[in-house]
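Q: return atomic coordinates for the entry below.
(3 chains)
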Amino acid sequence: MFLQEILTGLNYLGILAFSISGSLKAFEKKLDLLGVLVLGFSTALAGGIVRDVLLGVFPPTSLREVQPPLIAILGSIITVLLYRQLRKIHMAILIADAVGLGAFTATGAEIGLEHGLNLLGTAMIASLTAVGGGVLRDLLSNEIPIVLKRDFYATPTIIGGIVFYFLAQWFGGQTSLILTSVLVTGLRLLAMIRKWELPKVGG
Amino acid sequence: MFLQEILTGLNYLGILAFSISGSLKAFEKKLDLLGVLVLGFSTALAGGIVRDVLLGVFPPTSLREVQPPLIAILGSIITVLLYRQLRKIHMAILIADAVGLGAFTATGAEIGLEHGLNLLGTAMIASLTAVGGGVLRDLLSNEIPIVLKRDFYATPTIIGGIVFYFLAQWFGGQTSLILTSVLVTGLRLLAMIRKWELPKVGG
Amino acid sequence: MFLQEILTGLNYLGILAFSISGSLKAFEKKLDLLGVLVLGFSTALAGGIVRDVLLGVFPPTSLREVQPPLIAILGSIITVLLYRQLRKIHMAILIADAVGLGAFTATGAEIGLEHGLNLLGTAMIASLTAVGGGVLRDLLSNEIPIVLKRDFYATPTIIGGIVFYFLAQWFGGQTSLILTSVLVTGLRLLAMIRKWELPKVGG
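A: Residues are numbered from 1 along each chain as shown, chains lettered A, B, ... in the order given. Sure thing, here's the model as predicted:
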């Protein structure tokens, strides 16, 4: 139960970081205030909503619970009020984003497994949960999703989904959740530090 | 029952206006006849389909009923036959679009509330129902969705969702539906007349 | 039962061809290896996933079964390993794509009809199943979906959905499936040979 609360906290941190990343994109594209809110919302909540829709969980958690949308709105408000300061804490936001990536991956994998998905399905749903919001953010900004182009960003989420699948057979769900979350966040942070990249194609 | 029929009529008018707006976009992008049909369809029906998918209504109304797709096709046919004339009745189309926005918002909010959504969820689903089609139209046209960039367009739908939530506690559903629909349409028309805009960011 | 196995085989061929088409797009856009995998996956599986989501089939077949994602991955691997050779067998890929288009249309129409859709709904779901993956591929590549712009590509799938609806009243499902599949593939191949195009608008 204590572990569950930690994971919930990590998830909320992720929602906040994802919302800020979406809201910043709205600034970059010179959208209006509603655009900030919508991109913040989409980036923070779309991954979880897609996950729930694919697994038949209705209405999706983010439409039923109050905390996720409120935290997403908070992320947009923070961005609007502290836009200039945010550049200075760029690294803090990237770390929060990595934490969110780990928490979303673990949660997605768990819910997928609960719904009887196999290894490949679990990996897919874990990754979609974690990167779906960022993909929608980029689509709405009329850009090729950054996860397709750069960085070792989605790869840790796929690895996390696969690892969770096996961990969950051996350990209980709670331990697997935390382990997966830590692994994905760690891989993401390592990739940032070491500037890991997947090979480009078509060059 | 009489009120219900009015609302159905307003919804159909909205489907027609949305389909024309999508079909016109296809002309602007020099697509082929199928492109006209698909953009008309998407703009007219996607908002309601997304609403139904998020709430677990299967198959979505627009796939089950005959009227919505037929009216969407009618919108495309009108656009193809009367393309040159449509410019002259530009204002009439914008008014029909505002009517559709109101009707879609009210319907979306009602169905959301029926499915036990809270205030935020109701506002989200009402807005998604109303603007989802336009967002898909712009995504398919490879443009940043206009609702993120310009005009007081999506804002009335969010306000409408919130207002409906409270109205429905005090009045019956029918009265709330009509009041919300009129409010959103009125706000949208006012915004057009007064050229209301939300503040831009990132400038 | 024998016919069913033929159809399954055609579907798998379609998944492979669609995955290669998505993977090739990733090369064209100079994405990384993950981009190849994701575009291959999306193009191959998104149509069927959208179909299942719209009809309330949870989790979607492609997340439950092992073969579809494995074949999609195989398509990406083939593209990466044989990129230069693939140009030489361009025609073979286009034919496999046409076969997939037919099989996806027939399968989509059948599942739609099973879920009680009417004529228009069946045509919509058949077409979405067949072209949905290609639309997502182009959206993720930041392009206007090719089906909206060029070729007699989506039109055969709409025709196929309509034809299946009537065939299924007269013949059994199996026969209708094969007939529809052959018809759509035939129309697509004919369109390629004869360079059929729908009239452009807005010119």
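Q: where does the residue nearest the centre of chain A land in three-state SS?
A: The centroid of chain A falls nearest to A:A130 when counting by Cα atoms, centre = their mean (3.5 Å). With DSSP: H, G, I helix; E, B strand; the rest coil as the basis, A:A130 sits in helix.
Q: OK, contacts around the residue in chain A positioned nearest to chain B?
A: Of all residues in chain A, A:F58 sits closest to chain B, at 2.9 Å by Cβ to the nearest Cβ. (Glycine included, C-beta is placed from N, CA and C.) Taking Cβ atoms under 8 Å, 6 or more residues apart in numbering or on different chains, we find A:F58 in contact with A:D52, B:L54, B:L55, B:G56, B:H115.
Q: which ones among these are found in strands?
A: Using DSSP state E, no member of the contacts of A:F58 falls in strands.
Q: so which of the residues you listed is the most crowded?
A: Using other Cβ atoms under 10 Å in any protein chain shown as the neighbour criterion, B:L54 leads the contacts of A:F58 with 27 neighbours.
Q: quick one on the thing from earlier: and the residue of chain A closest to chain B, how far is that from C:K149?
A: According to Cβ to Cβ, to the nearest Å, A:F58 stands 35 Å off from C:K149.
Q: next one: A:F152
A: 35 Å.
Q: name the nearest residue to A:D138, ignoring sequence neighbours.
A: Excluding its sequence neighbours, the residue lying closest to A:D138 (Cβ to Cβ, 6 or more residues apart in numbering or on different chains) is A:P145, at 4.3 Å.
Q: can you tell if the top helix by length along chain A touches chain B?
A: Identified as the longest helix of chain A according to DSSP state H is helix A:2-28. Yes. Helix A:2-28 comes into contact with chain B (Cβ under 8 Å from any Cβ of the partner chain), by way of A:A26, A:F27, A:E28.
Q: is it true that A:W196 touches A:R188?
A: No. Using Cβ atoms under 8 Å, A:W196 makes no contact with A:R188, being 9.7 Å away.
Q: neighbouring contacts of the helix or strand of chain A with the lowest mean pLDDT?
A: The least trusted helix or strand in chain A, going by mean pLDDT, DSSP states H and E, turns out to be helix A:83-88, with a mean of 82. Outside helix A:83-88, the residues within contact range by Cβ under 8 Å, 6+ apart are A:I20, A:L24, A:F27, A:I78, A:T79, A:I93, B:V201, B:G202.
Q: check contacts around the fifth one.
A: This points to A:T79. Contacts for A:T79 (Cβ under 8 Å, 6+ apart) come out as A:S19, A:I20, A:S23, A:L24, A:F27, A:V36, A:G40, A:L86.
Q: now do the second one
A: Residues in contact with A:L24 (Cβ under 8 Å, 6+ apart) are A:T79, A:L86.
Q: and for the first one?
A: A:I20 sits next to A:G40, A:G75, A:S76, A:I78, A:T79, A:L86, A:I93, A:A96 when contact means Cβ under 8 Å, 6+ apart.
Q: where does chain A come near chain B, residue by residue?
A: For chain A, the contact set with chain B under Cβ under 8 Å from any Cβ comprises A:26-36, A:38-39, A:41, A:49, A:53, A:56, A:58-60, A:63-64, A:66, A:69-70, A:80, A:83, A:139-142.
Q: show me the residues you listed that map onto helices.
A: Using DSSP H, those in helices are A:26-28, A:33-36, A:38-39, A:41, A:49, A:53, A:63-64, A:69-70, A:80, A:83, A:139-140.
Q: avg pLDDT for stretch A:155-175?
A: Averaged across stretch A:155-175, the pLDDT comes to 92.
Q: again, but for stretch A:194-201
A: On average, stretch A:194-201 scores 78.
Q: mind giving me the ChimeraX command for buried ones among the contacts of A:T79?
A: Only the buried entries of the contacts of A:T79 go into this ChimeraX selection, using 16 or more other Cβ atoms under 10 Å in any protein chain shown:
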select /A:19,20,23,24,27,36,40,86
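Q: which among the contacts of A:T79 gets closest to B:L101?
A: Nearest to B:L101 among those, counting by Cβ to Cβ, is A:V36 at 21.2 Å.
Q: quick one: residues contacting the nearest residue to the closest one once chain neighbours are set aside.
A: Of all residues not flanking A:V36 in the chain, A:A26 sits nearest, at 4.2 Å (Cβ to Cβ, 6+ apart). By Cβ under 8 Å, 6+ apart, the contact set of A:A26 is A:G35, A:V36, A:V38, A:L39, A:G40, B:L148, B:V201, B:G202.
Q: quick one: contacts for the first one?
A: Under the criterion of Cβ under 8 Å, 6+ apart, the neighbours of A:G35 are A:A26, A:K29, B:L148, B:K149, B:V201.
Q: if I look at it, how far off is A:G47?
A: 20 Å.
Q: try the fourth one
A: The spacing between A:L39 and A:G47, counted by Cβ to Cβ, is 14 Å.
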